[in-house]
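A.B. asks: pasting a predicted model and its sequence here:
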Amino acid sequence: MEIERETRKRLDKIINDSLPDFDALCRNVIQGQVEIALKKAQSSGKLPEFEIPDIPVSIPKLPVHGDFTYPAMRLSRLAKKNPLIIAETIKNNMPRSVFVDEMEIIPPGFLNFFSDSGHFAELEKRILVGWVDVIIDDFEQLLPLYIGEDKQAQVEFVSANPSGPITIGHTRNAVVGDAMARLLEAAGYTVQREYYYNNAGNQMIVLGKSLMLRYLQQLGDAIDFPDDYYQGDYLVEVAADLARQHGDGLRDSDWQRFKDVAETRMFAWINRSLAAIDIKHDDFYNETSLFESRKIWRVLDALRANGHIYESSHREGADAAEVADTKEKAYQPATWFRSTTFGDEKDRVMVKSDGAPTYTLPDIAYHCDKLKRGFDVAVNVLGADHFSQAAVVKYGLRALKLNPDPIHVIFIQMVRAVRRNKESGEHEAIKQSKRAGDFDTLDDLVAMTSADAVRYHMLARSPNSQLDFDVDQVVKQTNENPVYYIQNAYVRCAGIFREAEERGFDDDGADLNLLDAVELKFIRKSLELGNVIEQAVTNYEPHKIAFFAHELAAIFHPIYDQARVLHSEVPPGVAKARLRFYRAAAVVFHRILRLMGMTTPERM
RNA sequence: GCUCCAGUAGCUCAGUGGAUAGAGCAUUGGUUUCCUAAACCAAGUGUCGCAGGUUCGAGUCCUGCCUGGAGCGCCA
């Protein structure tokens, strides 16, 4: 009697606590009942005393294994008994339940629960039917907004230096970063999208000088253009514009002037390219500002004050050969950061012997500033080639007695554009070249495919897998692309709404109990979006959303075929219910497509 | 040489320590008087790189090896 009352109390509490998640509700109820059964068995001496671990009840992949399952074999060590006997003991002590009519034990120790009498199905249907209107009215409330409530997040991504167009590699970074930002927003965070770029280093000087020479060429000067300068045609175009605007008026200007022009022009281009795939940064943070504010020198001073800096013509712990090498190169003393203190394999130069800092110092200063801005989460999307650099920055932050934990780096593995060789059938990398028909910029990709295709394909793989972006697949097989498969689900809903309006048919007074199991299956799957977002955010895995979107579309399309709305054989009541269902489905797809940064066309 | 990532169907890739490893593409056959067929239905496909180990249970965790990629500068 006591146990029955305990069950009831617990059931009530759980229903109140986990109403937004029906699966969790059922699993928690049954898990609670299993725990009660275990306690009962322990108090009657059937099982030895041990603390009952938190082993979740789950839903089996295969329906033949029941509606729910409990892996009793995980108790075998604690109970020092055969898993099958433990399962049997639980079975014999289970309280009555509206969810469970039958139990079955299957080796190596699964206790499977069946709900044959339909109680479970009935309750499930009632709850799912209720969700349809909730989804239509306010799908937001089904998202895990509590995760980032009152929290600030930053995503730093792209961060390509303004020395040329956005390449395929940058594109992957951009798509992953922006999707991460959108997911963080869906989890309730206030998100800032930041772009950090190095415009103080040698790269930009070379860019300025490259443009200067191109300009002089435009004026007709015979100039030998060095191999290690920027070769791209785009600088020739900029130079031509300058020549048109200024004639030879800039002949005596120095590289600095040209650098500024090039930087401005490149950024305009980069932003235009990113805007084409619906990506926009809130903030651009440049390296130069760290010099102007003298922040980098203050950081260096702080490192020095903490005892992590030394001056030497070679690193501490260098072997004889390395020392000899530095002597041979006649290095003057440089300023070193003793990063080995924090686990680095070797110390790093902060300021070169010529007095110029390496990239590392401003990087540390930048991240120091970032931490001080107080973000709860700061995601940094970087190419895998920055692996060591990112580690050194974290060592630097520790040396400054800062906690680098809010910073999380998503490393993006290499991406290359490939196409199939017609003769050999092998995939071949497309060379980085500007020849017609070759793809190596974001602009090219968008022009040949579409913004949506680029976003989907770049997102739909784990960031730490190398990616071969198969141009032929994306371009030629456009009609059988997952991109359109997903979007078509939304388009089909829109088509129904158009037709319904034309016919003057609406869903007023719809009785959703007339919906079939397939529609409710879709609703049930939709409710998993919250879990997907939570998982994507907490594990920094934005690609999860792309796979979820495809799974959802795969459930949707068969329903569209079966569950017609405006069809002569469909009774009006059922049609109303279905129309209401498709309104919910449209909301779900709209939400997911926007989370991926894709468009939501009404027609295709 | 050291560090990191990857190796899963013909191809491109998913895969919270759970039961019979999944999608898409490609291949084969079928489906449309009525919301657009970029769809639906049906069919086949595996030494999860190799070898050990931990575990009641390993594609998943640990160790070693093989293969591919990236990083290891007073480069940016």
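C.D. replies: Nice, I can see it.
A.B. asks: A:Ala384 against A:Met414, yeah?
C.D. replies: Yes: at 6.8 Å, A:Ala384 counts as touching A:Met414 under the criterion of Cβ atoms under 8 Å. C-beta coordinates here come from the backbone N, C-alpha and C atoms, glycine included.
A.B. asks: wait, what's in contact with A:Asn513?
C.D. replies: With contacts defined as Cβ atoms under 8 Å, 6 or more residues apart in numbering, the neighbours of A:Asn513 are A:Lys125, A:Val129, A:Ala577.
A.B. asks: do you know how far the last one is from RNA strand B?
C.D. replies: Right, A:Ala577. A:Ala577 sits 13 Å away from RNA strand B, going by Cβ to the nearest atom of the strand, to the nearest Å.
A.B. asks: also the first one?
C.D. replies: Distance, A:Lys125 to RNA strand B, using Cβ to the nearest atom of the strand: 21 Å.
A.B. asks: isn't that residue right up against A:Ile523?
C.D. replies: No: shown here, A:Lys125 and A:Ile523 do not form a contact pair, counting by Cβ under 8 Å, at 10.0 Å.
A.B. asks: who are the neighbours in contact with A:Ala243?
C.D. replies: A:Ala243 makes contacts with A:Tyr215, A:Gln218, A:Leu219, as judged by Cβ under 8 Å, 6+ apart.
A.B. asks: that one sits in which helix or strand?
C.D. replies: The secondary structure element spanning A:Ala243 is helix A:233-246 (assigned by DSSP states H and E).
A.B. asks: quick one: the strands in the stretch 101-250 of chain A?
C.D. replies: With DSSP state E, counting those that start in this stretch applied, the stretch 101-250 of chain A shows strands at A:102-106, A:110-114, A:152-156, A:190-197, listed in chain order.
A.B. asks: packing partners of the last one?
C.D. replies: Helices and strands in packing contact with strand A:190-197 are listed as strand A:152-156, helix A:168-186, strand A:283-286; criterion 3 or more Cβ pairs under 8 Å, 6 or more residues apart in numbering; DSSP states H and E.
A.B. asks: would you mind listing what in the stretch 251-400 of chain A touches RNA strand B?
C.D. replies: Within reach of RNA strand B by Cβ under 7 Å from any atom of the strand, the stretch 251-400 of chain A has these residues: A:312-315, A:326, A:331-334, A:345-346, A:349, A:352-354, A:356, A:358-360, A:384-389.
A.B. asks: can you pull the domain assignment for chain A?
C.D. replies: As given by automatic domain parsing, the domain ranges for chain A are A:2-117, A:482-595.
A.B. asks: so which of those is nearest A:Gly201?
C.D. replies: When the domains of chain A are compared by Cβ to Cβ, domain A:482-595 sits nearest A:Gly201, at 28.8 Å.
A.B. asks: for chain A, longest helix please?
C.D. replies: In chain A, taking DSSP state H as the definition, the longest helix is helix A:572-595.
A.B. asks: please point out which parts of that helix sit buried.
C.D. replies: Of all the residues in helix A:572-595, those buried under the rule 16 or more other Cβ atoms under 10 Å are A:574-589, A:591-593, A:595.
A.B. asks: output the below-cut-off pLDDT ranges for chain A.
C.D. replies: Screening chain A residue by residue with the criterion pLDDT under 70, one finds the ranges A:1-23, A:98, A:116-118, A:419-439, A:474-480.
A.B. asks: picking that back up, and the next helix or strand past the helix holding A:Ala243?
C.D. replies: Where DSSP H and E defines the elements, the next helix or strand beyond helix A:233-246 is helix A:255-276.
A.B. asks: chain center to that next one, what's the gap?
C.D. replies: For helix A:255-276, the gap between its own C-alpha mean and the chain's C-alpha mean amounts to 28 Å (Cα atoms, centre = their mean, to the nearest Å).
A.B. asks: repeat that for stretch A:300-308.
C.D. replies: 36 Å.
A.B. asks: same thing with stretch A:39-53?
C.D. replies: Using Cα atoms, centre = their mean, the distance from the centre of stretch A:39-53 to the centre of the chain it belongs to is 44 Å.
A.B. asks: and it, end to end?
C.D. replies: Across its full length, stretch A:39-53 reaches 12 Å end to end, with Cα to Cα, to the nearest Å as the criterion.
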